[in-house]
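Enquirer: Here's my sequence, what's the structure:
(3 chains)
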Amino acid sequence: MTLHILRKNPLSFISLIIILFLVFLAVFASWLAPYPDAYQGTPHVEDKYQPPSLTHLFGTEYLGRDVFSLVIFGTRLSLTAGLMIVALSVVIGWPLGVIAGYSGGKIDDLIMRTTDMFLAFPSLVLALVIAFVLGPSLINSMIAISVTWWPWYTRLARADAASLKERTFVEASKAIGLSDRSIMVRHILPNTMAPIIVQSTMDLGTAILAEAGLSFLGLGAQPPTPEWGLMISAGRAVAFSAWWYATFPGVFIFLTAMAFNLFGDGLREALDPRLRRIRGE
Amino acid sequence: MVDLKRYIVKRFLQTLIIVLGISFITFFLSRVAPSDPAALWVGIHARAEQIQRARVELGLDQPLYVQYFIYMGDLLQGSWGTSYRTRQPVLKDLMFYMPASMELAVIGQIIASVVGLPLGVIAASKKNTKIDHASRILAIAGVSLPVFWIGLLLQIIFSRTLGIFPIEGRLDTTIQMTMPIQRITGFFLFDSLVTGNFVAFFDALRHIILPAIALSSYSMGLSLRMTRSSMIEILREKYLKTARAFGLPENTIRFKYALKNAIVPTLMVMGISFSWSLTGAFLVEVIFNWPGLGTYVWRAILAVDYPVIVGVSIIASLIIVIINLILDLVQAWIDPRVRL
Amino acid sequence: MLVNGKAITKLQGVVILVVIVAAIGGVYFVARPSAPPESTSTTEMTSAVANPTKIFTTAEDYDFVTDIDPAYSFSGEIVAMANVYEGLLVYTGGNPEVKPSLATSYDATPDGLTWTFKLREGVKFHDGTPFNATAVKYSFDRIRELGAGAVYIWDPVKELKIIDTYTVQYTLSYAAPLQRIVSSVYGAWIYSPNINKTGDIKDLHDWFNAGHDAGTGPYMFETLERGVQLTLTYFGDYWEGWGGPHAADRIAKVVFKIVEDPAVRVQMIESGSVQHAAAIPAQERKRIQNETGIRVSWENTYFSHYAFLNTQSPNLKDKLVRQAISYAFPYQDYIITGEGSYIQPRGAIPTGMWGHIDDLYQYQLNLTKAKELLTQAGHPNGGFKLIYYYISGVEATGSAGQLWKAELAKLGIELDVRGMTWPSLWELMKQGPDKYNYDIVAFAWWPTFITPYDFMFNMWHTEKTPLWNAAYYYNPQYDQLIDEAYKLEGPQPDQALKLYKQAQQVLIDDAATVFLDDLRLAFVMRSNVQGFQYHAAIGYDTFVFWEMWLES
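Expert: A predicted model of the protein is given here:
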């Protein structure tokens, strides 16, 4: 049903193809990469900074590793990172929002004030401090970003849950004698899923960007991990002599983020334009 | 009027609680990092006794909650502490770096709105045509562009190859020395214009364009997308059908009625992206060597400079909260149906 | 709009908005800083003048200004301080190794405990105060009172006496190379005692850090915008004068710009908008070094990288294992990655520095020997893991780790290479040997003042409180050797060298540390920069601007 609507929208269809292609790259990276040992960081110092050629499609970098292989391995890292960030944010934010919206009163107030506090926080500063405190690494940067992202999902879920609360089927469930907890888990949670899914699909692109940004700054993935943001950061320093090192990972970040954003956008248009209002974006 | 006052008071109280909470979180969070600012304060090859003495001097030997109370006490009296790294009062540093960030955020926002708003309107009214698709791609491209990558591209193309715009900084060094801009607000564009220093004005303009463009891509994408979807919503609304039924020209409908209501969510987006631009802009600041709040807090994080980290968080969140308050008030003012 | 059901007029709404904005604006205007401090030099630009268009601009790669109080200064601001302040002597490292500066001559008793310095006459501070013995005593007393910065260099000194207006005398409690101590670029600057003569200044430390100086040097602080740039302007009354064959081309102003992005620095030096750019990536340097307008000058610094082997960790406490992995580091490959920036070190003291011994034993990559040693130690096939930490962002020690990892893998040893921010890493080190946190830690060292003791004491002397001895190397024989050597540096330097050599041999034999590199620095400058002479003792990348000029 949804697929049918998507097919009507050629942009979303193309973006879906790109996404599937990226997933394919990520899953089969070890087979697809022409130089699989690039992932281990094995140096070939004789081959430093070779320009793009037939043997090295995207050239080589400072340790002599093949940039094309590195970019392919990077796909796996970035997709996983994006997924984990969104998943973590959803797992924290969604239930909180449902509890807040359904319970109302003091619990709602408490949760929403906490959410407001996190939202008022300059998110980049918070993410940087957390990443610094935990120590620079890919996983820690994912945690840091999730800590700044969950409030959005809480807000989204709360608004939906609050309106669902008034519906008759909830009253009916209560009349039967279902506990609040059961109602939340069995009815509210599933019914608030749609906007959450739409939002998380759209957020995947931004999550990948955010993670690349932190790695670019040095607080995410550490060398010699083939992370796109990290490669751009290393590539910037030699941008005028080894332009390929910063350019190709950048193209991939851009395409990946665009594909996810386009797809999510199409999904949103297809499912329900009114969802946007609730988020208060 | 009494009720409006009460509302504002309520909002300010909420602001206070939020800022208090944020100060609490950053204060304790930054101290969780394993590091010894006393050691960094005395100098990298200092001796153990010196480090110990510095620890006492900086008040770091006290229990955490005592340190927090001392800090908040000082804050209320107007002292934001001294940066461990720059040895300057944090407030002085903040007032130095903030105008730079503000100016960049404002110009970036202007560029984003000038491009995004009209395009959004056009796209909405020509929904599902080629123009619409193109604008959607543009909006999403704006939001998907890694800022640190586009900055580099802009520098390579416009500074290095074409030589049109300077590659870094706010002002040319020679101009800084021969005809410096008198510092009134700290906004170079404003200050130079107001004091009649036109040479410096144009130089400042040349310097701010590239970083502002890099910064604007994200905001532009958001504004475009938001304006378009709001306009689509509103163009569907029944009351417009009534206006059309009455025979009002399409343009009047579009701009007088529809846009006015589409402005509201667009303003919200502008507010959010402006707040983001203040501290999130620092990827742009690093690339273009723009001396703003982002660079300042970044260096502070690396040096575990507690007073600065907490100070910047407090002020940034204050700004965000105040912007939200203003936006809510403006939104209520424009749209008579909104209840505060 | 509606508030609790009551309508508010547009006028009231506007008023509220205006009030809020005005309140914010008001707070801002009250709190904003005033204009940057004006030039604090009270002396006029007198006869000795430099061409005001001769401005030397350099792009620095990080915010190097920490503390510009001459008593506290202990960091990157040395690049400016060395041009603004002077000490009694200057270390040149040649023969003689020190040359007169604010002191014209000195004398030491044979036991090395009493030193008398004759001071230079006719020297003025930037504020006009004449330089004499009072200033020397004032600067010395102040740093001792404050206990600030590099005060510990004065540990051997019992007291400083003023003999007459132009003579001072140091009395030491044990023999030490005082001529080297007074030429230190940290903690030995002499500045005007008259700064606070009006009593207006509440805190001298704050006053200095607002951008003021009180030195005798050829340049003065003009403007200081923290994190952005620092400018110096020349001091017309400098005692060495501004004449000479290139008087018209001498440097009148120096601008230090902080440009953290390497690509931008490269662009700036290529376009000529700066005369020097720091930390140019090797790849870029290779590309531009032959362009017309660019000149690259290679210099040996006193900076070196060390990989400290934790002599108390479970796997490395066996000397044989330490020696084995010392034979497993690919020294030559590592040098190649440096593109000319690395020299393979011999011993602990950097090449070219006094105390560097040319015939010390040097480990080389030899996997056969490594395997032999491992077998002797009972690990013929390796089979264990080592943790290697370096400061994240430092390319040298990072790639060293990667290269080492590849070689160790051939021996069956897994090297876990981890980057960590410096503050966190230091905390880890300071936890001490009882906790197993790492096997190897890699970082750089450079001297405070020129003595091998600075290296050998800080990094390998037994410590009660762990601070810098990352190898947790507690060897009383070694301690004794270097403590003795330091005392002999003044009265019997040859004997001191013998002892330092012995001590280094002990270190090498114990394989407490793998000496990764001595750093060479490529100064990337515009070709119109003339008169550049490198003085390794004055800091990693410090220019002495008074010696230089800019060709038209």
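Enquirer: From now on I want contacts and neighbour counts done on CA atoms only, so please keep to that.
Expert: Will do.
Enquirer: got the residue ranges for the helices in the stretch 1-150 of chain C?
Expert: C:10-31, C:78-84, C:133-146 (DSSP state H, counting those that start in this stretch).
Enquirer: What residues sit buried inside the last one?
Expert: If I follow you right, that is helix C:133-146. C:Ala133, C:Thr134, C:Ala135, C:Val136, C:Lys137, C:Ser139, C:Phe140, C:Ile143, C:Arg144 (16 or more other C-alpha atoms under 10 Å in any protein chain shown).
Enquirer: Show me what it is in contact with.
Expert: The contact list for helix C:133-146, computed with C-alpha atoms under 8 Å, 6 or more residues apart in numbering or on different chains, reads C:71-72, C:119, C:149, C:151, C:160-162, C:164-168, C:187-193.
Enquirer: Check which element follows it along the chain.
Expert: strand C:157-164 (DSSP states H and E).
Enquirer: Name the SS class of A:Ile111, please.
Expert: What DSSP: H, G, I helix; E, B strand; the rest coil gives for A:Ile111 is helix.
Enquirer: Can you name the helix or strand that the residue lying closest to it once chain neighbours are set aside falls in?
Expert: In space, and not counting its chain neighbours, A:Ile111 is closest to A:Ala100: 6.2 Å by C-alpha to C-alpha, 6 or more residues apart in numbering or on different chains. For A:Ala100, the host element (DSSP H and E) is helix A:67-103.
Enquirer: Repeat that for B:Ile22.
Expert: helix B:2-32.
Enquirer: got the buried residues for that helix?
Expert: B:4, B:14-15, B:18-19, B:21-27, B:29-31.
Enquirer: Look up the closest residue to B:Ser79, ignoring the ones flanking it.
Expert: Distance criterion C-alpha to C-alpha, 6+ apart; nearest residue to B:Ser79, sequence neighbours excluded, is B:Leu91 at 7.4 Å.
Enquirer: State the distance from that neighbour to C:Leu230.
Expert: B:Leu91 sits at a distance of 20 Å from C:Leu230 (criterion: C-alpha to C-alpha, to the nearest Å).
Enquirer: try B:Tyr65
Expert: 38 Å.
Enquirer: what about residue 107, neighbour count?
Expert: Defaulting to chain A. A:Ile107: 14 surrounding residues under other C-alpha atoms under 10 Å in any protein chain shown.
Enquirer: actually chain C
Expert: 13.
Enquirer: could you point out where the chain is predicted with low confidence?
Expert: Defaulting to chain A. A:1-8, A:41, A:45, A:272-281 (pLDDT under 70).
Enquirer: wrong one, I was asking about chain B
Expert: If you take pLDDT under 70 as the line, chain B has these spans: B:1-2, B:238-241, B:243, B:248, B:250-262, B:279-280, B:334-340.
Enquirer: Okay, and the residue nearest to the spatial centre of it sits in which element?
Expert: Nearest residue to the geometric centre of chain B (C-alpha atoms, centre = their mean): B:Leu278, 2.0 Å. Assessed by DSSP H and E, B:Leu278 sits inside helix B:259-280.
Enquirer: Got a quick PyMOL command for the buried subset of the contacts of helix C:133-146?
Expert: What follows is the PyMOL syntax for the buried subset of the contacts of helix C:133-146, where burial is set by 16+ other C-alpha under 10 Å:
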select buried, chain C and resi 71+72+119+149+151+160+162+166+167+168+187+188+189+190+191+192+193
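Enquirer: Next SSE downstream of the helix holding B:Ile22?
Expert: Helix B:2-32 is succeeded, C-terminally, by helix B:37-42 (DSSP H and E).
Enquirer: Tell me if that next one is near chain C.
Expert: Yes - against chain C, helix B:37-42 shows contacts by C-alpha under 8 Å from any C-alpha of the partner chain at B:Leu40, B:Val42.
Enquirer: near chain A, anything from that helix?
Expert: No - Helix B:37-42 does not reach chain A (C-alpha under 8 Å from any C-alpha); its nearest approach is 13.9 Å.
Enquirer: could you say what helices and strands the next helix or strand after that helix packs with?
Expert: The element immediately downstream of helix B:37-42 (helix or strand, assigned by DSSP H and E) is helix B:48-57. Applying 3 or more C-alpha pairs under 8 Å, 6 or more residues apart in numbering or on different chains; DSSP states H and E, one finds that helix B:48-57 contacts helix B:37-42.
Enquirer: hmm, back to that, in which helix or strand does the residue nearest to B:Ser79 reside?
Expert: Going by DSSP H and E, B:Leu91 is part of helix B:90-125.
Enquirer: That helix - contacts with which helices or strands?
Expert: By 3+ C-alpha pairs under 8 Å, 6+ apart, helix B:90-125 packs against helix B:130-144, helix B:198-236, helix B:259-280, helix B:293-302, helix B:306-334, helix C:10-31.
Enquirer: What residues sit buried inside it?
Expert: Neighbour-count burial for helix B:90-125 [16+ other C-alpha under 10 Å]: B:90-113, B:115-117, B:119-125.
Enquirer: For chain A, which residue gets nearest to chain C?
Expert: A:Ala237 (5.0 Å; C-alpha to the nearest C-alpha).
Enquirer: From C:Ala263, how far out is that residue?
Expert: 5 Å.
Enquirer: C:Gly338 too?
Expert: Taking C-alpha to C-alpha as the measure, C:Gly338 falls 19 Å from C:Ala263.
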